[in-house]
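Q: After the sequence you'll find the predicted model.
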Amino acid sequence: PCTACYNNKNNIAKKDSEDGISEESFCVIWNKRRKEGMKLLNAVITTVNGVVWGWPMIILLLGTHIYITARTGFIQRFTITKGIRLSVEKDPDAEGEVSQFGALTTALAATIGTGNIVGVGTAIALGGPGAVLWCWLTGVFGIATKYAESYIAVKYRVKTEDGRMQGGAMYALERGLHMKWLGVLFAFFAGFASFGIGCATQVNSIAEICHTNFGIPPVIVGVVIAVLTAIVIFGGIKSIARVCEKLVPFMAAFYVIGCVIILCMNYDYIIPAVRVICKLAFTPGAAAGGLIGSGIRMAIRFGVARGLFSNESGLGSAPIAAAAAQTRNPVRQALVSSTGTFWDTVVVCLMTGLVLVSTIMKNPHINADSVDNGGQLTSLAFGQIPVLGPIILTLGIICFAYSTVLGWAYYGERCVEYLGGKRILTGYRVLYIVVAAIAPIVTLDTVWLMADTLNALMAIPNLIAVLALSGQMAKDTKKYIYNLDAKDDTPVPVIKQ
């Protein structure tokens, strides 16, 4: 602000006797126009966000899920019977930087986030209990798309001169479809999205929780997260994978144990909750605790949307980590990567949904219709566990959010390197750490919307690659699915940096 505004906070524009306008007027007008400009920018971004995440995008993603499911002969059955087993096996003789489990946990670190906790509550609040079923079904079919996008990431990956594996939708578009320009767009959208949805919003959530529950100043939280992030990401994918291999199983088990405790407390309401979820997924109605089902349209809209946002199947983010895995053939790692959607949505989101619906039905004083957001709904549910409930929820959200920061740091690095080479990696890492440090003290509404929009824009080129290369994917699936130990001897091309 100008000196006049600093000295007079209640300054009002006044006319000057000579030129008709004073210093106060300029400052007031400038601030007014700046605020109006920010409102306009926010309105434009909100409109664009509503368009890109509207019904066409939901139909495109869900349609791809169903199409790939049919094209692979319901690959989900192999994900559960073989993928889970392969995820804990090592394949040290195969090319790659990290183990299959390391690549999976790095992807899960970025995928399992606060949306698994708060997002399900939001879906129930807006779409009714029936949204849980549609969220779950979206995860079941999303396994196929996660399989396909991970397959093309490994199939068309490349190797740098220093032995690092690079892969993802950008390389599949360039090498598989000869559409480098579309690969550049994907990398651009993903690179910028990493700062928002992968870093700033997550650190801001951690700072808010720590300040609310423990009284820790947001500035301190930002500095601590920035230092911890710097220590990990400057070590590259191997360092990130080592941390994620330990953090992801711990945080998931910690949260699931909390859910199991609540479900044991609500044991007599689990079956009724399942009935309500299934019934209100197709018909309007009401249940105990203010649970209202608005019919199949609303249940599908919010259930499918939350499922898509939660597991990220089709966005093309997780396959970037899959491309670094040590694997004998693309189908083997694709099966391992597809288990991420199984754990994220089919297990974690389903458990969250059962916890919330059974809790509301058992405790009529928890009126779902009067709760402002999904976070409050989840807090009330975990509040049932004396003393430990809020602690489990708080630590769960902190771990989920921090793991997302690490996972998206790697995604962003690979996209930035694709655009500008290895020489700009250090600059990206420094900027990422700076964003983490200042995130707790800035307003992020517009940043969140921009990142959310960029996430949707990532999906378009990725889905083009998945659908256009589905023929090759189906061919290799038939070749390797019953012989997963077979080795693909196709040499991985080495690129110059």
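A: Structure received.
Q: mind listing what the nearest residue to Ser470 once chain neighbours are set aside touches?
A: Once flanking residues are discounted, Ser470 sits nearest to Arg71: 5.4 Å by Cβ to Cβ, 6 or more residues apart in numbering. Where C-beta positions appear, they are placed from N, C-alpha and C, glycine not excepted. Contacts for Arg71 (Cβ atoms under 8 Å, 6 or more residues apart in numbering) come out as Ser470, Met473, Ala474.
Q: I'd like these as a markdown table, with pLDDT appended.
A: Below are those laid out as a markdown table (pLDDT from 0 to 100):
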| residue | pLDDT |
| --- | --- |
| Ser470 | 96 |
| Met473 | 96 |
| Ala474 | 95 |
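Q: For the stretch 151-300 of the chain, which segments are assigned as strands?
A: 158-160, 165-166, 284-287, 291-294 (DSSP state E, counting those that start in this stretch).
Q: re earlier: turn the contacts of Arg71 into a markdown table, columns for secondary structure.
A: Converted to a markdown table, the contacts of Arg71 look like this (DSSP: H, G, I helix; E, B strand; the rest coil):
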| residue | secondary structure |
| --- | --- |
| Ser470 | helix |
| Met473 | helix |
| Ala474 | helix |
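Q: which one of those has the most neighbours?
A: For those, counting by other Cβ atoms under 10 Å, the largest number of neighbours falls to Met473: 24 neighbours.
Q: got a list of what that one touches?
A: Arg71, Thr72, Ala148, Tyr151, Ile152, Lys155, Val466.
Q: Settle this for me: His211 is touching Ile220, isn't it.
A: No. Using Cβ atoms under 8 Å, His211 makes no contact with Ile220, being 9.4 Å away.
Q: Pick out whichever of these two has more residues nearby.
A: Legend: neighbour count by other Cβ under 10 Å for His211 and Ile220, higher for His211 (16 against 13).
Q: Please name the residues that touch the nearest residue to that one once chain neighbours are set aside.
A: Nearest residue to His211 in three dimensions, chain neighbours excluded: Pro218, at 5.5 Å (Cβ to Cβ, 6+ apart). Going by Cβ under 8 Å, 6+ apart, Pro218 touches Ala207, Glu208, Cys210, His211, Pro440, Ile441.
Q: Could you identify the pair within these that is furthest apart?
A: Cys210 and Ile441 (13.3 Å; Cβ to Cβ).
Q: Report the separation between the residue nearest to Ser470 and Ile296.
A: From Arg71 across to Ile296, the span is 27 Å (Cβ to Cβ, to the nearest Å).
Q: now swap in Ile216 and tell me
A: From Ile216 to Ile296 the distance is 45 Å (Cβ to Cβ).
Q: Against Leu280, how distant is the spatially most central residue of the chain?
A: In the chain, the residue lying closest to the centroid (Cα atoms, centre = their mean) is Thr111, at 4.3 Å. Note on Thr111: its distance to Leu280, by Cβ to Cβ, is 27 Å.
Q: what's the answer for Pro56, then?
A: 26 Å.
Q: These two: which is more packed in?
A: Leu280 (29 against 10).
Q: how much space is there between that one and Val274?
A: 11 Å.
Q: Over to Ala474?
A: For Ala474 relative to Val274 (Cβ to Cβ), the value is 35 Å.
Q: And His211, by the same measure?
A: 38 Å.
Q: coming back round to it: can you tell me which of the contacts of Arg71 is nearest Gly340?
A: Met473 (17.6 Å).
Q: which regions of the protein sit below the pLDDT cut-off?
A: Within the chain, the stretches with pLDDT under 70 are 1-31, 34-35, 38, 115, 285-295, 366-375, 443-448, 497.
Q: for Trp53, phi and psi?
A: phi -100, psi 20 (degrees, to the nearest 10).
Q: Spit out the contact partners of it.
A: Ala305, Asp452, Thr453, Ala456.
Q: rerun at 7 Å
A: Ala456 (Cβ atoms under 7 Å, 6 or more residues apart in numbering).
Q: cool, Ala131 as well?
A: Ala131 neighbours (Cβ under 7 Å, 6+ apart): Ala123, Ile124, Ala299, Phe302, Gly303, Arg306.
Q: Can you flag which of those belong to helices?
A: Ala123, Ile124, Ala299, Phe302, Gly303, Arg306 (DSSP state H).
Q: Might one say that the fourth one is in contact with Gly128?
A: This means Phe302. No. Phe302 is beyond contact range of Gly128, at 8.1 Å (criterion: Cβ atoms under 7 Å).
Q: And the two? Which one has more around it.
A: More crowded of Phe302 and Gly128, by other Cβ under 10 Å: Gly128, with 28 against 23.
Q: Run through the residues that contact the closest residue to Leu454 other than its chain neighbours.
A: Spatially, and ignoring its direct neighbours in sequence, Leu454 is nearest to Ala193 (3.9 Å; Cβ to Cβ, 6+ apart). For Ala193, the contacting residues are Ala451, Leu454, Asn455, Met458, by Cβ under 7 Å, 6+ apart.
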